[in-house]
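K.L.:
my questions concern the predicted model and sequence given below.
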Amino acid sequence: MEALTTQGQFDELIKKNTLMVRRIAHHLMMHLPYSIQVDDLIQAGMIGLLEAVKHYDPKKGASFETYAGIRIRGYMLDEVRRNEWVPRSVYRNSRLINNAIKEVENRLGRDAKDNEIADELHLDLDEYHSLQKDAAGSHLYGFDDLGVTEDALKGEEGDLNEPHERVLHEDTAQHLAELIKTLPQKERLVLALYYERDLNLKEIGDVLEVSESRVSQIHTQAMIHLKAKINAL
C-alpha cells in the first residue's frame with residue numbers, strides 16, 4: 001500500500017475497512033462484561049481506524065489490515081478502560097516505561113534490558129520494578145492490553161466464520177509471533193509456558209526456580225516490551 005495522496009483515497013480506505021471495525025467490535029464483545037455497549041466500541045474503533053490510515057507505514061513490514069486491526073482493538077480497549085476505575089498512576093507509569101524503552105532501543109538498536117530502562121528513568125533496579133508493577137495496574141498485564149486477544153497467540157479462531165476474519169486473524173497472529181521472537185529468552189519462555197502450556201504462575205516459578213512474583217514481573221516486562229514494539233509499527 002502506497003502513501004495516500006488525496007482525500008478521496010483516504011475516504012475510500014476508511015469506507016473499505018469500516019466493516020472490519022464492526023467485526024472486531026463484535027468479536028471483542030465475547031471477552032467483555034455485558035455492561036459494555038457494542039456501539040461505544042465501534043465508535044472508538046473508527047477513531048483507531050482513522051489513526052491507522054494517517055500513520056500506516058508500509059515500509060515497516062506489517063500489512064495495513066494487521067496494523068489497523070491492532071490499532072482498532074487498542075482504541076476499543078482504551079474505551080473499556082475509561083469506564084473502569086484505574087488510578088492515574090497506572091497510565092502515567094505505563095507511558096513513562098514505554099517511552100524509556102523506545103528511547104533506549106532507538107539509541108542502542110536492540111532490545112532494552114531492565115537495568116538500561118531503569119537508568120533511562122534515573123531509577124535503581126528495585127525502583128524500576130516497583131514502577132513496573134504499578135504500571136501493570138495491579139493485575140496480570142495481558143494481551144488484551146496490547147490490542148489483541150489471547151486467542152491470537154494461541155492460534156484459536158473461535159467463531160471467525162468469514163474468510164476475511166480468518167485471514168485477518170492469521171495475519172495478526174503471525175505478526176505477533178514474529179514480535180515475540182525478538183523478546184529475551186526468559187520472557188519468551190514465560191509467555192510460552194503461560195499461554196501455550198496453560199501453566200499458572202506458581203507452576204512456571206517451579207520450572208524456572210524463581211518466585212511467583214518474579215514470574216509475574218517477567219510476564220509484565222514481556223507485555224511492556226511487546227506494547228513498545230507494537231506502538232513503533
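P.N.:
Perfect, I can see it now.
K.L.:
skipping its backbone neighbours, what lies nearest His175 in space?
P.N.:
Thr66 (4.9 Å; C-beta to C-beta, 6 or more residues apart in numbering). (Each C-beta comes from the backbone N, C-alpha and C, glycine too.)
K.L.:
residue contacts, Leu199?
P.N.:
The contact partners of Leu199, by C-beta atoms under 8 Å, 6 or more residues apart in numbering, come to 193, 207.
K.L.:
if we can go back for a sec, number of residues surrounding the residue nearest to His175?
P.N.:
20 (other C-beta atoms under 10 Å).
K.L.:
can you name the next helix or strand after the helix or strand containing Ala52?
P.N.:
In the assignment (DSSP states H and E), Ala52 maps to helix 38-55. Sequence order places helix 64-82 as the next helix or strand after helix 38-55, per DSSP H and E.
K.L.:
correct me, but the residue nearest to His175 touches Glu178?
P.N.:
No. Using C-beta atoms under 8 Å, Thr66 makes no contact with Glu178, being 10.4 Å away.
K.L.:
returning to that earlier point: what's the pLDDT at the residue nearest to His175?
P.N.:
For Thr66, the pLDDT comes out at 81.
K.L.:
repeat for Arg197
P.N.:
Reading off the model, Arg197 has pLDDT 82.
K.L.:
tell me how many other residues crowd it.
P.N.:
10.
K.L.:
which ones are touching Gln221?
P.N.:
Residues in contact with Gln221 (C-beta under 8 Å, 6+ apart) are 114, 132, 187.
K.L.:
what's the domain layout of the chain?
P.N.:
7-82, 88-231 (automatic domain parsing).
K.L.:
which one of those domains has the lowest average pLDDT?
P.N.:
domain 88-231 (a mean of 74).
K.L.:
packing partners of the helix or strand where Lys186 lies?
P.N.:
Secondary-structure assignment from DSSP H and E places Lys186 in helix 185-191. For helix 185-191, the packing partners by 3 or more C-beta pairs under 8 Å, 6 or more residues apart in numbering; DSSP states H and E come out as helix 163-181, helix 201-208, helix 212-231.
K.L.:
change it to 7 Å
P.N.:
Counting contacts by 3 or more C-beta pairs under 7 Å, 6 or more residues apart in numbering; DSSP states H and E, helix 185-191 packs against helix 212-231.
K.L.:
what is the burial count for Ser213?
P.N.:
Around Ser213 there are 12 residues (other C-beta under 10 Å).
K.L.:
possible to save the contacts of Gln221 as TSV with distance to Asn106?
P.N.:
Shown next, in TSV, are those (distance: C-beta to C-beta, whole Å):
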residue	distance to Asn106
Asp114	17
Gln132	20
Glu187	20
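K.L.:
good, wrapping up.
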